[in-house]
Every structure is written in structure tokens, then in C-alpha cells.
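> Below is the sequence, then the predicted model.
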Amino acid sequence: MIKKTLKISKKFYIYQKDRFPVFILAFSLFPAILSSGAITSSCPTFFEMSLALIASIAYLLHIRIIDEHRDFEHDNTHHIKRPVQAGVISKEELRYIDTLVVLILLGIGLSSGTSALVVVITMLGYSYLAGKEFFIGEKIRKYFFTYNAVNLFQMLLMQVFVYAIFANPLQVNKLLIAHFLFTTIGTIVFEFVRKLKIPGDDGSGKDTYTWYLGFKRSIVIYQILLLLNSLLFFWVATFISSNVVMLASFAVGMVLLASLSTLIHSIKKTRQTDQLMQLSFLLLYGVFNIAIYFLSTT
């Protein structure tokens, strides 16, 4: 058992570099966990934050492994260099990892109270249905935006789970709703920008937003989502601070910086400017979440 786990761990280390970069994900998730704890708990502890981070990474890995199984035939045709297709790790080995991940999620749910347990069971149930493509298979795949939306819903459940880890029972109020909308748009932007490719890089899988919308239209939609996320940050911040002028100036400044990278990418259209645009949103979203944390705790 131990030997098998160690062997699979080595393979997973190689796999995650390409398909599930754990450290980058942890770095990306932690600011949102900080702000989530701050608006749901009067005194979020380091232990609760750690649990929320582990739970978030575990659930994302659970979804990734389900995707590897569900999209296996599609990836065999359109993404032959991916780790599973290249033989780096097998589907059976990923299934073994997923079993451990599910046990971790259930353990965190049990230890965090009734609200968290109910949410995690709902999450696992929904991910099972998503993995089975809601038992309608190719019919739903034909509708790219609907297909992505029903899968994106898993991220929203994960955000509720994070709230529940910090607060048992979970109480809904205007601040929580505003923050949930803020993180929801943030999640949508992450998903959108990840599948926003430069002309010629879409591949043959028809699985990017630029394939369906075109590069220019995708850039415009990304910019709109960026502005909406910033407005939602401002809305959240006004619940916890009365310094409206300072908050507005801060939000506008961050938007301008992120928009500059978008403009550069729309002109240059290189992989480097694509990475710059993604990094600029990651920075903006992270700074917004950290600002909410400090505004709530000072």
C-alpha cells in the first residue's frame, strides 16, 4: 500500500506540472480564502484557512480527475501530448488518487459542522452527475456555453463550502451575497481567460472561447467581466468601509493596470502577452481579496 502510494505520488508530481500545478493553484486560491474567512467569521483561524485551502485544492483535483476520465476519447484525438495520453500516469492511478481526495473532502466536511457536511455531499453528488454528463452525453457537449456553465457551477458550490468551513451554521446576509457574486465573477473570468487563445492556437478540439467568439470579441467580453468584477469588489468594500473615495480610486487604479495588459495583448497577440494578461487579472483579483480581508479585520 505504502509502496504503491509512493510510486503514484512520483507520477502525480510529473502530472501536476502540466495539468494541475498545485503551488500555483494554492497561491491563486489563498487570497479568496482570506476574504471569505474575513466576511463570514469575526476571527478566522489559521487552521480554518488551512482546511479551506486543502478542501479547495482537493475538490479542484477531484474535478480534474473526473474530467480526465470523461474527456479521455476527446483528448486522445485532440490533445495527444497530455500526461494521460502520453502514458505519464494511468486513469486507474488517477482513480486511486481521487479516492483519497474524496476521503479528505468528507473528513473536512465532518469536522467542520453540519453546514459543511451538507455542502460537501452536494458537491460530490453534483460532480458525479457532471462526470456522467448528466446522462445525456454528447447532446450537452454540442452546446459549448451551456456545457461550460453547468460544469462551472461546481466552483460556486466550492465557494459555499469554503464559507461553511468558517461559519457553522452558515448565515446569509447582504455582505455574503455581495462577496459570493464577486467571487463568482472572479471564477468566471479565470475560466474565460484560461480558454482565450491567440489566433492560430485554438487547436482542433473546439474547446476555447476564441473558437466560438473570435479573438476581438473575446477580448471585449473579458474586459467587461474585468470591470464587473471590480465593481463588485467596490460593492463588497462599501459594506465594510466608509471611505468610498479611497476605495473607488483603488478599484479604478487596479482596473487601469489590468486593462493595459489587455490592450497590449490585443495588439501584440503573443503567448507572452497572453500570460501577462492572465497574470494581471490574477494580481488584480488577489489584491482585491487581500484588501477585503484587511478592511474586515482592522
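Nice, thanks for sending it over.
> For the helix or strand harbouring Val160, name the packing helices and strands.
For Val160, the element it lies in under DSSP states H and E is helix 144-166. Applying 3 or more C-beta pairs under 8 Å, 6 or more residues apart in numbering; DSSP states H and E, we find helix 144-166 packed against helix 22-40, helix 46-70, helix 114-131, helix 138-141, helix 174-194. In short, each C-beta sits where N, CA and C put it, glycine included.
> ok, and the closest non-adjacent residue to Ile121?
Gly109 (7.1 Å; C-beta to C-beta, 6 or more residues apart in numbering).
> Now do the same contact list for the spatially most central residue of the chain.
Nearest residue to the geometric centre of the chain (C-alpha atoms, centre = their mean): Thr187, 5.3 Å. Thr187 makes contact with 152, 155-156, 159, according to C-beta atoms under 8 Å, 6 or more residues apart in numbering.
> Including distance to Ile219, pLDDT and neighbour count, could those go into TSV?
Listed next are the contacts of Thr187 as TSV, based on distance: C-beta to C-beta, whole Å; pLDDT from 0 to 100; neighbours: other C-beta atoms under 10 Å:
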residue	distance to Ile219	pLDDT	neighbour count
Leu152	20	90	15
Met155	23	93	19
Leu156	25	95	16
Gln159	27	97	20
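> Serialize these to TSV and add fields for distance to Tyr59.
Converted to TSV, those look like this (distance: C-beta to C-beta, whole Å):
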residue	distance to Tyr59
Leu152	13
Met155	9
Leu156	12
Gln159	10
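> For this structure, give me the ranges with low pLDDT.
By pLDDT under 70, the weakly predicted segments of the chain are 1, 202-205.
> Would you indicate which residues of the one helix or strand His74 maps to are buried?
Using DSSP H and E, His74 sits within helix 72-78. For helix 72-78, a neighbour-count test (16 or more other C-beta atoms under 10 Å) marks Asp75 as buried.
> which other residues reach the next helix or strand after it?
Remark: after helix 72-78, the chain's next helix or strand is helix 83-86, criterion DSSP H and E. Outside helix 83-86, the residues that touch it by C-beta under 8 Å, 6+ apart are 14-15, 18-19, 68, 72, 75-76, 79-80, 89-91, 94.
> Just flag the most distant two among those residues.
Ile14 and Asn76 (19.3 Å; C-beta to C-beta).
> what are the C-alpha coordinates of the helix holding Val160, in CSV please?
Coordinates of each C-alpha in helix 144-166 appear next as CSV, following Å, rounded to 0.1, in the frame of the first residue of the first chain:
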residue,chain,number,x,y,z
PHE,A,144,-20.4,24.7,-25.6
PHE,A,145,-21.5,27.6,-23.4
THR,A,146,-24.2,25.6,-21.6
TYR,A,147,-21.7,22.7,-21.1
ASN,A,148,-19.2,25.0,-19.5
ALA,A,149,-21.8,26.7,-17.4
VAL,A,150,-23.1,23.5,-15.8
ASN,A,151,-19.5,22.5,-15.0
LEU,A,152,-18.6,25.9,-13.7
PHE,A,153,-21.4,25.6,-11.2
GLN,A,154,-19.1,23.2,-9.3
MET,A,155,-16.8,26.2,-8.5
LEU,A,156,-19.8,28.0,-7.0
LEU,A,157,-20.5,25.0,-4.7
MET,A,158,-16.9,25.0,-3.7
GLN,A,159,-17.1,28.7,-2.7
VAL,A,160,-20.1,27.9,-0.5
PHE,A,161,-18.1,25.0,1.1
VAL,A,162,-15.4,27.5,2.0
TYR,A,163,-17.9,29.8,3.7
ALA,A,164,-19.3,26.8,5.6
ILE,A,165,-15.8,25.8,6.9
PHE,A,166,-15.6,29.2,8.5
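> In it, which of the residues would be classed as buried?
144, 147-148, 150-151, 154-166.
> what angle separates that helix from helix 22-40?
When axes from the mean of the first three to the mean of the last three C-alpha atoms, to 10 degrees is applied, the directions of helix 144-166 and helix 22-40 differ by 60 degrees.
> now the angle from helix 144-166 to helix 174-194?
Using the same axes, to 10 degrees: helix 144-166 against helix 174-194 is 140 degrees.
> My guess is Ala130 contacts Asn151. True?
Yes. At 5.6 Å, Ala130 and Asn151 qualify as touching, with contact defined as C-beta atoms under 8 Å.
> overlap in contacts of those two?
Ile63.
> Leu110 is in what secondary structure piece?
Using DSSP H and E, Leu110 sits within helix 91-111.
> how about that helix as PDB, C-alpha atoms only?
C-alpha atoms of helix 91-111 as PDB (Å, rounded to 0.1, in the frame of the first residue of the first chain):
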ATOM      1  CA  LYS A  91      -6.600   6.500 -15.500                       C
ATOM      2  CA  GLU A  92      -6.500   3.800 -12.800                       C
ATOM      3  CA  GLU A  93      -3.800   5.600 -10.900                       C
ATOM      4  CA  LEU A  94      -5.700   8.800 -11.000                       C
ATOM      5  CA  ARG A  95      -8.800   7.000  -9.800                       C
ATOM      6  CA  TYR A  96      -6.700   5.800  -6.800                       C
ATOM      7  CA  ILE A  97      -5.700   9.400  -6.000                       C
ATOM      8  CA  ASP A  98      -9.300  10.500  -6.400                       C
ATOM      9  CA  THR A  99     -10.400   8.000  -3.800                       C
ATOM     10  CA  LEU A 100      -8.000   9.600  -1.300                       C
ATOM     11  CA  VAL A 101      -9.200  13.100  -2.300                       C
ATOM     12  CA  VAL A 102     -12.900  12.200  -1.700                       C
ATOM     13  CA  LEU A 103     -12.000  10.800   1.800                       C
ATOM     14  CA  ILE A 104     -10.200  14.100   2.600                       C
ATOM     15  CA  LEU A 105     -13.200  16.200   1.500                       C
ATOM     16  CA  LEU A 106     -15.600  14.100   3.500                       C
ATOM     17  CA  GLY A 107     -13.300  14.300   6.500                       C
ATOM     18  CA  ILE A 108     -13.100  18.100   6.300                       C
ATOM     19  CA  GLY A 109     -16.900  18.200   5.900                       C
ATOM     20  CA  LEU A 110     -17.400  16.100   9.000                       C
ATOM     21  CA  SER A 111     -15.000  18.100  11.100                       C
END
